[in-house]
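Visitor: Any chance you could fold what I've pasted below:
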Amino acid sequence: ITLDATSFTEWVYVSLSSGQIVNVTDPANDMNWDLGFHRWDVRTNGGLSGGGQGAALELNETQFDQVTLAPESGYITDVMLQINMTGMPPVMEDHPANSELAKWMNLDMSEMPPIYTMTDKVFIVRTADGNYAKLKFTDYMNDTGDRGHITFEYVLQSDGSRNF
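Guide: Numbers count the residues shown, from 1 in each chain. A predicted model of the protein is given here:
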């Protein structure tokens, strides 16, 4: 999936079961989304972000095909995080998001322009309905080099198992 998450004010929501971007007006009560994206920020439909079972876990693995089983425990649900909702200069605000999925991108703002580095890790996402997906972020730019265009690959297990 590739999506445009360049807006500083709007979240883009994805259903992993349909593989599509979905329109969500009330994320806290809508069960039709699994992941939400805002620039580099990611939320799951669980914890403070939604009413589902959503959560995430970073694995110590960079090879997507090597992940064959979702762990039984250790998943992190969404909490309040400081998110830049204005652009430059940044104004940080509290918004629910997933601290575990925040690990997909390192952003070094010690110099300008900022330095972006992907961590190359595989994540397990528990979906809103309690199924599991393995997920790996593969890009954060479009073909012209504009940042905020997120691409990721995933495999969803929709039968309730943890096997991939």
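
Visitor: Strand partners (parallel or antiparallel) of the lowest-mean-pLDDT helix or strand in the chain?
Guide: Every helix and strand in the chain was compared by mean pLDDT, DSSP states H and E; the lowest is strand 105-108, with a mean of 88. Counting by DSSP bridges, the strands paired with strand 105-108 are strand 115-118 (antiparallel).

Visitor: And the next helix or strand past the partner strand?
Guide: Under the assignment DSSP states H and E, the closest C-terminal helix or strand after strand 115-118 is strand 122-126.

Visitor: and that next one, which strands flank it?
Guide: Applying DSSP bridges, you get strand 55-58 (antiparallel), strand 132-141 (antiparallel) as the partners of strand 122-126.

Visitor: avg pLDDT for the shortest one?
Guide: What it means is strand 55-58. For strand 55-58, the mean per-residue pLDDT is 98.

Visitor: And for the last one?
Guide: Averaged over strand 132-141, pLDDT sits at 97.

Visitor: The next helix or strand after it pairs with which strands?
Guide: Once the chain leaves strand 132-141, the next helix or strand it forms, by DSSP H and E, is strand 147-157. Strands adjacent to strand 147-157 in the sheet, as given by DSSP bridges, are strand 2-4 (antiparallel), strand 132-141 (antiparallel).

Visitor: Could you say which of these is packed most deeply?
Guide: strand 132-141 (a mean of 20; mean count of other C-beta atoms under 10 Å). For glycine as for every other residue, the C-beta is placed from the backbone atoms N, C-alpha and C.

Visitor: Pull the residues that contact that one.
Guide: Counting by C-beta atoms under 8 Å, 6 or more residues apart in numbering, the neighbours of strand 132-141 from elsewhere in the structure are 2, 16, 34, 40, 64, 67, 70, 104-105, 116, 118, 120-127, 147-157, 161-162, 164.
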